[in-house]
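> the sequence and its predicted three-dimensional model are supplied below.
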Amino acid sequence: MSDTEEEPAPAAVEEEEVEAELSVLDALREVLEKAMIHGGLKKGLHECTKALDRRTARLCCLSKDCENEEYKKLVKGLCSEGEVHVVMVESGKDLGAWCGLAKLDDDGSIKKAVRTSCAVITDFGEETRALSVLLDYLQKQADGAEI
């Protein structure tokens, strides 16, 4: 019996190590999913600018591959005015898929993703490990910018 009791303990330690090594992008993906579930995710220019203007936004994601420079300037300006953190994402298709703007295959892989250049979180939903990882990263970025 002691052999079976000892086996689950190392597995639990391995799971904790995997969670400790959660990357910032994986954390962002999970936070976006939780916000979408709780109704706190805004997608697209119209919804995002309304949330930023009303100062209800808590975090903004902006894609680097957005072609419209005026769009980027508007969103960054509203974010700086409202003191909202901006996270730059490499691809708008990735951001769209993370926001639920994608069709999935039967096996759960992404078949077609709609591109979005901006997403804003107004409500994180629940406190998760991913949220704490993301907020720690943003705090370190803010501290580095002030130095």
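Thanks, I have it.

> ok, now how distant is the one residue sitting closest to the centre of the chain from D136?
Nearest to the mean C-alpha position of the chain, counting by C-alpha atoms, centre = their mean, stands L28 at 2.8 Å. Distance, L28 to D136, using C-beta to C-beta, to the nearest Å: 13 Å. Where C-beta positions appear, they are placed from N, C-alpha and C, glycine not excepted.

> where does the protein have low pLDDT?
1-21, 104-105, 108-111, 145-147 (pLDDT under 70).

> can you list contacts of the lengthiest helix in the chain?
Secondary structure of the chain read by DSSP state H shows that its longest helix is helix 129-146. By C-beta atoms under 8 Å, 6 or more residues apart in numbering, the residues outside helix 129-146 that reach it are 19, 22, 24, 26-28, 30-31, 34, 59, 85, 87, 124.

> repeat for stretch 66-80
By C-beta under 8 Å, 6+ apart, stretch 66-80 touches 45, 48-49, 52-53, 57, 60, 62, 84-86, 92, 117-118.

> neighbours around C79, how many?
Residues contacting C79 under the criterion other C-beta atoms under 10 Å number 20.

> doesn't it fall inside a strand?
No - with DSSP: H, G, I helix; E, B strand; the rest coil as the criterion, C79 is assigned helix and is not in a strand.

> report the two of the contacts of helix 129-146 separated the most.
E19 and H85 (22.7 Å; C-beta to C-beta).

> compare those two (neighbour count), which wins?
Set E19 next to H85 and count neighbours by other C-beta under 10 Å: H85 wins out with 18 against 11.

> pretty sure the more buried one contacts C60?
Yes - between H85 and C60 there is a contact under C-beta atoms under 8 Å: 7.0 Å.

> can you pull out the strands in this structure?
41-43, 59-63, 85-89, 102-104, 110-113, 118-121 (DSSP state E).

> about what we covered before: can I get the contacts of helix 129-146 in JSON lines including distance to G100?
JSON lines is the format used below for those (distance: C-beta to C-beta, whole Å):
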{"residue": "E19", "distance to G100": "24"}
{"residue": "L22", "distance to G100": "21"}
{"residue": "V24", "distance to G100": "20"}
{"residue": "D26", "distance to G100": "17"}
{"residue": "A27", "distance to G100": "17"}
{"residue": "L28", "distance to G100": "14"}
{"residue": "E30", "distance to G100": "13"}
{"residue": "V31", "distance to G100": "13"}
{"residue": "K34", "distance to G100": "12"}
{"residue": "L59", "distance to G100": "16"}
{"residue": "H85", "distance to G100": "21"}
{"residue": "V87", "distance to G100": "17"}
{"residue": "F124", "distance to G100": "16"}
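
> no more questions from me, cheers.
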